[in-house]
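J.: Next come a sequence and a model predicted from it.
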Amino acid sequence: MESLAGKTLATVPGYSWNARFPELLPHTRIVTAADIEEMFRMVADGRADAAIQESESGKVLLRRYLLTGIEPKADAVLGGQHTYLGHNWGVTRRLPVLAAILDKAYAQMPEADKQRIWNRWFVQETSAGQVDLNAEERAYLDSSRFRRARAAAWMPFDFADADGAPTGVAEDYWALIRDKLGLRETGGERQPFSDILATMERGDIDLYAATTRTADREHYALFSDPYERYPIAIAAAANVGLYAGTASLEGRRVAVGRDYSAYHLLKAHSPGIDFVPVDNTRGALEAVAAGRADAAVDILPVLHQQIEQLPPGRVKLVGVTDLQFPLQVIVSRQQAPLLPLINRAIAAITPEERAAIHNKWLLRQVVTAPDYTLLWQVLVMGLLILATILYWNHRLHREVGRRKRAET
């Protein structure tokens, strides 16, 4: 505000700070325009040096009035104001419960929905799928290089290809998020998932792109909005029948990766399961094949991918649980400012970008060699995969419809 000394500031009648301008700007000449349009035109034709207006509504009004020679120059922090203020609900004192209800509803609104509203009204100049960053956010990203963890072979989400390059469903989604933000990163050696969590708890890494929220991690980590969801599936020996959902796992020995998200989700939902901890999903399937466990669990695409790599006739998919696994980015609490930016990038992922990842990873041939003696098993597997594809297509259809409605 000191930069306004000796200059002329235009304002409008009824502006909340008019009464305090003489006190806050004793060396600034204050002139009053008839309305906001006239205020901006006074700046445009030189009758005033500056005007103060809420930033986003000001940008909209400048476009409406076709005033291209004016642009935001600085943030006006007025006297006694230590933080930037947003808009609030205005509720009569006779209805205090209504104010509490509105606050609770807003707190529970996903960041993705907030971003879609913001994009509709304030980001018209940004092309579809991009994220509009202000100067402070851009400076934060440009001054940082984030340490991203990579898991040891969690196919098809996070693994290394034949040349050692990172690849997978989560890797493709992360590439979209990273590129939309212009985020810089460093990647370390691949390590077991339990080691990734321990490393983040020590503060040695900043983020990992393929996990989900569980209560035991919240004291050291934050979680993004989900960028995808999959059911937790069940695999068992090839000679057993179908499992009827989560309840069918009660009292059984269920192999699962040590400290895996599927373990925490199932344990919270069904404490009667006898869990057999192993190093990874392949180890869980081998435990089933060897008779050390009755079933193995992980999210559906992972189980299917791992079963395909085992000798045929040992283990098969036998069902899905009623639990969904929301894929999220986990961020160290030390990098809390990064989380809302990641959420905005997730909200900016277009239906076309999602479809490309879906087609790349989930529409591959699911049977590589005919096995007519196990035809019924293949049919069951096909139904499970078909259910996943239909689920994807339904979500994509809803997403396209929601975006079309938001743009009208």
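T.: Good, I have the coordinates.
J.: residue ranges with poor pLDDT in the protein?
T.: Applying pLDDT under 70 to the chain picks out residues 1, 60, 63-68, 77-87, 118-129, 362-408.
J.: For residue 315, give its distance to residue 74.
T.: For residue 315, the distance to residue 74 under the criterion Cβ to Cβ, to the nearest Å works out to 64 Å. The way it works is simple: take the backbone N, C-alpha and C, and place the C-beta from them, glycine included.
J.: which one of these two has more residues nearby?
T.: Shown here are residue 315 and residue 74; by other Cβ atoms under 10 Å, residue 315 has more neighbours (24 against 9).
J.: I'd like to know how many residues surround residue 355.
T.: Residue 355 has 16 neighbours, counted by other Cβ under 10 Å.
J.: Could you say which helix or strand holds it?
T.: For residue 355, the enclosing helix or strand under DSSP states H and E is helix 351-362.
J.: list the buried ones in that helix?
T.: 351, 353-355, 357-358, 361-362 (16 or more other Cβ atoms under 10 Å).
J.: Just name the closest of the residues you listed to residue 233, please.
T.: The shortest separation between residue 233 and any of the buried residues of helix 351-362 is 13.4 Å, and it belongs to residue 362 (by Cβ to Cβ).
J.: What pairs with the lengthiest strand in the chain, parallel or antiparallel?
T.: The strand spanning the most residues in the chain, taking DSSP state E as the definition, is strand 315-332. For strand 315-332, the pairing partners within the sheet under DSSP bridges are strand 207-211 (antiparallel), strand 221-223 (antiparallel), strand 228-237 (antiparallel).
J.: Show me what the second one is in contact with.
T.: Outside strand 221-223, the residues within contact range by Cβ atoms under 8 Å, 6 or more residues apart in numbering are 200-201, 211-213, 217, 328-333, 336, 339.
J.: one more time with 10 Å, if that's ok
T.: Under the criterion Cβ atoms under 10 Å, 6 or more residues apart in numbering, residues 197, 200-201, 207-208, 211-214, 217, 326, 328-336, 338-340, 342-343 lie in contact with strand 221-223.
J.: Was I right to think residue 116 contacts residue 348?
T.: Yes: when contacts are counted by Cβ atoms under 10 Å, residue 116 is listed as touching residue 348 (9.3 Å).
J.: neighbour count winner among those two?
T.: For residue 116 and residue 348, the more surrounded residue by other Cβ under 10 Å is residue 348, and the numbers stand at 24 against 16.
J.: Pretty sure residue 301 sits against residue 210.
T.: No: using Cβ under 10 Å, residue 301 and residue 210 do not qualify as a contacting pair, with a distance of 11.4 Å.
J.: more crowded one of the two?
T.: A count of neighbours by other Cβ under 10 Å puts residue 210 above the other of residue 301 and residue 210, at 25 against 21.
J.: what's the distance between that one and residue 310?
T.: 22 Å.
J.: before we move on, the earlier item: for residue 167, state which of the buried residues of helix 351-362 is nearest.
T.: Looking at these and their distance to residue 167, the nearest is residue 361, at 9.6 Å (Cβ to Cβ).
J.: show me what contacts the closest one?
T.: If you count contacts by Cβ under 10 Å, 6+ apart, residue 361 has them with 155-157, 167-169, 172, 301, 305.
J.: Go through those and name the one nearest residue 135.
T.: Relative to residue 135, the closest of these is residue 172; by Cβ to Cβ it sits at 30.0 Å.
J.: give me every residue that touches that closest one.
T.: By Cβ under 10 Å, 6+ apart, the contact set of residue 172 is 157, 166, 353, 356-357, 360-361.
J.: Could you do residue 267 as well?
T.: Each residue near residue 267 by Cβ under 10 Å, 6+ apart is listed here: 214, 254, 256, 273, 275.
J.: Filter those residues down to just the ones in strands.
T.: Within the contacts of residue 267, membership in strands is found for 254, 256, 275, as judged by DSSP E.
J.: Could you export those to JSON lines, including columns for distance to residue 281?
T.: Written out in JSON lines, the entries for the ones in strands among the contacts of residue 267 read as follows (distance: Cβ to Cβ, whole Å):
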{"residue": "254", "distance to residue 281": "12"}
{"residue": "256", "distance to residue 281": "8"}
{"residue": "275", "distance to residue 281": "14"}
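J.: Just among the residues you listed, which is most surrounded?
T.: When neighbours are taken as other Cβ under 10 Å, the top entry among those is residue 256 (28 neighbours).
J.: For it, name its beta-bridge partners.
T.: Per DSSP bridges, the residues bridged to residue 256 are residue 277.
J.: correct me, but it touches residue 299?
T.: No: distance between residue 256 and residue 299: 11.2 Å, which falls outside the contact criterion (Cβ under 10 Å).
J.: which residues are common contacts for the two?
T.: Contact with both residue 256 and residue 299 is made by residues 232, 262, 281, according to Cβ under 10 Å, 6+ apart.
J.: Was I right to think the last one contacts residue 156?
T.: No: taking Cβ under 10 Å as the definition, residue 281 is not a contact partner of residue 156, at 11.2 Å.
J.: which residues do those two both contact?
T.: Where contact means Cβ under 10 Å, 6+ apart, the residues bridging residue 281 and residue 156 through contact with each are 302, 305-306.
J.: which one of those residues sits closest to residue 89?
T.: Of all the shared contacts of residue 281 and residue 156, residue 89 sits closest to residue 302, with 44.0 Å by Cβ to Cβ.
J.: The closest one: neighbouring residues, count only.
T.: Neighbours of residue 302 (other Cβ under 10 Å): 26.
J.: same question, residue 320
T.: Using other Cβ under 10 Å as the criterion, residue 320 is surrounded by 22 other residues.
J.: What residues does it make contact with?
T.: Listed by Cβ under 10 Å, 6+ apart, the contact partners of residue 320 are 230-234, 243, 245-246, 297, 299-300, 303, 384, 387-388.
J.: can you rerun that using 7 Å?
T.: Applying Cβ atoms under 7 Å, 6 or more residues apart in numbering to residue 320 gives the contacts 231, 233-234, 300, 384.
J.: Go ahead and flag the most central residue of this structure.
T.: Among the residues of the chain, the smallest C-alpha distance to the mean C-alpha position (Cα atoms, centre = their mean) belongs to residue 225, namely 3.5 Å.
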